[in-house]
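# quick one, structure for this:
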Amino acid sequence: MKADRFWWSNFSGATPWAAVAVVLLITAYVNETIALDSLSFDSQPLYEQSMSEQGVSLVAAATYLRARTGWGVPAIGFALVAIAAVLTALFVIAQSFKDLAIRDRIRGSITIILAAAALLAAAIYAGESVISEPAVTSELRKATMHRTTATHAVAMSTMFDTISYLVFLLLLAAASASLVWSKTSAPTPASLALRLRQTRWLLYAGAAALVLRAIEMHALYRWPSVWLSKEMGAAVDQMALSLSTAHGAFYSAVLMALYLPTALTLRMRSKSLAIAAVGGGEQQEAWLAKEGLSLSPFKEMTSLMITLAPLLAGGPVSKLFGALAG
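Numbers count the residues shown, from 1 in each chain. A predicted model of the protein is given here:
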C-alpha cells in the first residue's frame, strides 16, 4: 500500500504532461514531413490588385465589412472564453492544493512549474516546428491586410497564439494538480469525486476556448479572399478551411492528452479505493455508485465527443460559419 501511495503521490501528476509531450512530438514530425512553410508564391501582383480595387464601391465596402465582422465575432468570443478557461484552471489548482500539507504543496508546485517551464520553452524556441504556417498564407496577408488599416487583426491573432499557449499551460497545470495527493493520507471518495468533476470542468472550458480559436483562425485565413477574384478567393477559402481543420485536429489531440490520462488515473484510483473498501465484483460497483464514483458510459462518451469539438469547429463548423458570414 505504501508503494501504491508513493506512485500516486509522486508520478501520476506527470501523466498529462507526458501525454501532451507525445502529441507535440508527433505533430512536429508530421509538420516537418508535409513542410507547410515551403509553400510560397509571387504576391506582388496581388498587392497591386488589392491596392487598386479596395474601397472603390459600396459592394466592396460591404464585402470588407463582412470579412471583418466574420473575424471579430469569434475573436471576441475566444478572448472572453479564454479568460473563463484561465479562471477555471486557477480555481481547480487552488482546490486541489487546498487540503495538502505545506510540504506536499511545495513538491507538487515544483513539479508543475518545471513541467510548465519545459513546455513553455518548447513553445518559444520550437513553436514553429510543431505546427507552422504556410508561407503562402503569410504572404497573402502581407499583400492585402498588412497594407491596410486591418493590420490590427494580424497583430491580434499573433497575441491569440500566446493566449492559446497560456490556456494550454494552465489547463495542464490544473489537470496535473488534480493528481497530486498527500504522501501521508489517502484520498477520500468525496475528494476523488470532486476532482473528477473538476477534470470535466477543465475539459469543457478548454474545448469552448479552442473551438472559438479554430473558428477565429479560419476567419483570419480566409479574410484576404475579399480582395481577390472569385476563382482565387475560392482557393483562399479552401486553404483557410484546410489550415483551420489542421489546427482543430491539433487542439483536439491536446485536449485528449490533457483529459484522458487524468480521468483514467482518477478512475484507477477510485477502483483502488473500492477494492480496499469492499473487494471486487458487484459490491465494488455498488460502492462506487454510492460514493458518486461510478463510471457513466453516457458521460464518458460525451467527454470523448467534446475532445473532438475543436476538430469539428475547424472543419465543418468553420465552413458553415464562413458561408453565413459571406
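# strands along the stretch 101-250 of the chain, start to end?
In the stretch 101-250 of the chain, no strands are found when defined by DSSP state E, counting those that start in this stretch.
# can you pull out the low-pLDDT segments for it?
Of all residues in the stretch 101-250 of the chain, those with pLDDT under 70 make up the ranges 127, 146-150, 183-186.
# that one: helices as residue ranges?
102-130, 135-143, 151-177, 189-222, 230-278 (DSSP state H, counting those that start in this stretch).
# with distance to Leu25 as added columns, please give those in a markdown table.
(Glycine included, C-beta is placed from N, CA and C.) Formatted as a markdown table, the helices of the stretch 101-250 of the chain follow (distance: least, C-beta to C-beta, whole Å):
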| stretch | distance to Leu25 |
| --- | --- |
| helix 102-130 | 9 |
| helix 135-143 | 24 |
| helix 151-177 | 15 |
| helix 189-222 | 20 |
| helix 230-278 | 11 |
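# just tell me which of the ones you listed ends up closest to Ala75.
helix 189-222 (5.0 Å; C-beta to C-beta).
# tell me the angle that closest one makes with helix 151-177.
160 degrees (axes from the mean of the first three to the mean of the last three C-alpha atoms, to 10 degrees).
# can you pull the buried residues of helix 189-222?
Of the residues in helix 189-222, 189, 192-196, 198-199, 202-222 count as buried by neighbour count, 16 or more other C-beta atoms under 10 Å.
# residues making contact with stretch 176-185?
5-6, 8-10, 12-17, 92-93, 96-97, 99-101, 103-104, 107-108, 111-112, 115, 187, 195, 198-199, 262, 265-266 (C-beta atoms under 8 Å, 6 or more residues apart in numbering).
# now do the buried residues in that stretch.
Judged by neighbour count using 16+ other C-beta under 10 Å, the buried positions of stretch 176-185 are 176-182.
# among the residues you listed, which pair sits farthest apart?
Ser176 and Ser182, at 15.5 Å, using C-beta to C-beta across the buried residues of stretch 176-185.
# show me which of the buried residues of stretch 176-185 is closest to Lys299.
Ser178 (16.8 Å).
# how close does the closest one sit to Leu220?
Counting by C-beta to C-beta, to the nearest Å, the separation of Ser178 from Leu220 is 34 Å.
# over to Trp201?
Trp201 is 29 Å from Leu220, by C-beta to C-beta.
# with Met232 instead?
Met232 is 17 Å from Leu220, by C-beta to C-beta.
# got it, and Phe321?
Phe321 is 12 Å from Leu220, by C-beta to C-beta.
# and Gly314, by the same measure?
Applying C-beta to C-beta to Gly314 and Leu220 gives a distance of 12 Å.
# what's the answer for Ala253, then?
21 Å.
# and what of Asp161?
11 Å.
# next: Gly13.
From Gly13 to Leu220 the distance is 36 Å (C-beta to C-beta).
# if we can go back for a sec, can you lay out the buried residues of stretch 176-185 as a markdown table showing distance to Ser138?
Formatted as a markdown table, the buried residues of stretch 176-185 follow (distance: C-beta to C-beta, whole Å):
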| residue | distance to Ser138 |
| --- | --- |
| Ser176 | 35 |
| Ala177 | 37 |
| Ser178 | 39 |
| Leu179 | 40 |
| Val180 | 42 |
| Trp181 | 47 |
| Ser182 | 50 |
